[in-house]
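Participant: predicted model and sequence below, questions to follow.
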Amino acid sequence: MDLTNLDLLSLQPQFLQQDPVTIALCKAFQPVFVQLGESMKAILLYTNIDHLPGEVLDELAWGMNVTWYNTQDTLPARRETIKKALSVFSRMGTAGAIKDAVAANFGASVVEEWWEYGAQPGYFRIIVEDPSATAERAADFVRTVNAVKNVSSWLDQIILMRTSPGPVRVGSVGQITRRTRSVQRDG
């Protein structure tokens, strides 16, 4: 049911649709129900994140206690942080939660735990490919990681992978072989 184009008269029983008082009341209340339908959109915060202004996102992050949320981030990054917040909360302290929280602000990343790269137990490192993850934003990056990591785990390294376009060359080699068998005979 579309609440913005609600026709009250069509919701009435057939015998009341002919009643002049019912027709007048439905026409009188029509603007009220249209306004009510528009107001309902404001209640649907979580499903409407892509259309919310920054101030509402800031308040929503505060209310949800998203400690890694940064009000100075771009609007798309703030929206992505709010969208991933419930997923991060459900896996708080895991490598997956760190990956999701970092991905909202700094793009795709890989979290490697200590046994995957030969470090001391309890350490992990993050490999990130976003060029905006620069030294100026390092404090935000570390603050995000510290907010979602396990308290007994320690960030060992941040590896920034930079990719640049380069020429792609493809080569092929053909090879024809011939098998020859020689037999030595006595005599």
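Facilitator: Yes, it's here.
Participant: and stretch 41-53, what's buried?
Facilitator: 49, 52 (16 or more other Cβ atoms under 10 Å). Placement of C-beta: from N, CA and C, glycine included.
Participant: any idea how far apart the tips of that stretch sit?
Facilitator: End-to-end distance for stretch 41-53: 13 Å, by Cα to Cα, to the nearest Å.
Participant: where do the helices sit along this protein?
Facilitator: 20-43, 54-64, 75-90, 95-106, 114-117, 138-148 (DSSP state H).
Participant: domain ranges for this protein?
Facilitator: What automatic domain parsing lists as the domains of the chain is 6-43, 46-160.
Participant: can you list the ones you listed in TSV and add mean pLDDT?
Facilitator: Shown next, in TSV, are these (pLDDT from 0 to 100):
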stretch	mean pLDDT
domain 6-43	86
domain 46-160	88
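Participant: just these: most buried one?
Facilitator: Comparing the domains of the chain by mean neighbour count (mean count of other Cβ atoms under 10 Å), domain 46-160 comes out on top with a mean of 16.
Participant: so how far is it from its chain's centroid?
Facilitator: Here the centre of domain 46-160 is set off from its chain's centre by 10 Å, with Cα atoms, centre = their mean, to the nearest Å.
Participant: same thing with stretch 147-162?
Facilitator: 19 Å.
Participant: and that stretch, end to end?
Facilitator: Start-to-end, stretch 147-162 (Cα to Cα) is 26 Å.
Participant: can you list the domains of the chain in a markdown table and add distance to T177?
Facilitator: Formatted as a markdown table, those follow (distance: least, Cβ to Cβ, whole Å):
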| stretch | distance to T177 |
| --- | --- |
| domain 6-43 | 72 |
| domain 46-160 | 43 |
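Participant: which among those domains is found nearest to S182?
Facilitator: domain 46-160 (53.2 Å; Cβ to Cβ).
Participant: straight-line length of the closest one, end to end?
Facilitator: For domain 46-160, the end-to-end distance is 32 Å (Cα to Cα).
Participant: for L8, which of the helices of the chain is the nearest?
Facilitator: Of the helices of the chain, nearest to L8 by Cβ to Cβ is helix 20-43, at 4.0 Å.
Participant: centre of the chain to the closest one, how far?
Facilitator: Distance, centroid of helix 20-43 to centroid of chain: 37 Å (Cα atoms, centre = their mean).
Participant: not counting its neighbours along the chain, what's nearest I23?
Facilitator: L9 (6.3 Å; Cβ to Cβ, 6 or more residues apart in numbering).
Participant: OK, contacts around that neighbour?
Facilitator: For L9, the contact set (Cβ atoms under 8 Å, 6 or more residues apart in numbering) comprises 17, 22-23, 26-27.
Participant: a markdown table for those residues, including distance to F33?
Facilitator: Converted to a markdown table, the contacts of L9 look like this (distance: Cβ to Cβ, whole Å):
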| residue | distance to F33 |
| --- | --- |
| Q17 | 17 |
| T22 | 15 |
| I23 | 15 |
| C26 | 9 |
| K27 | 11 |
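Participant: right, I'll call it a day here.
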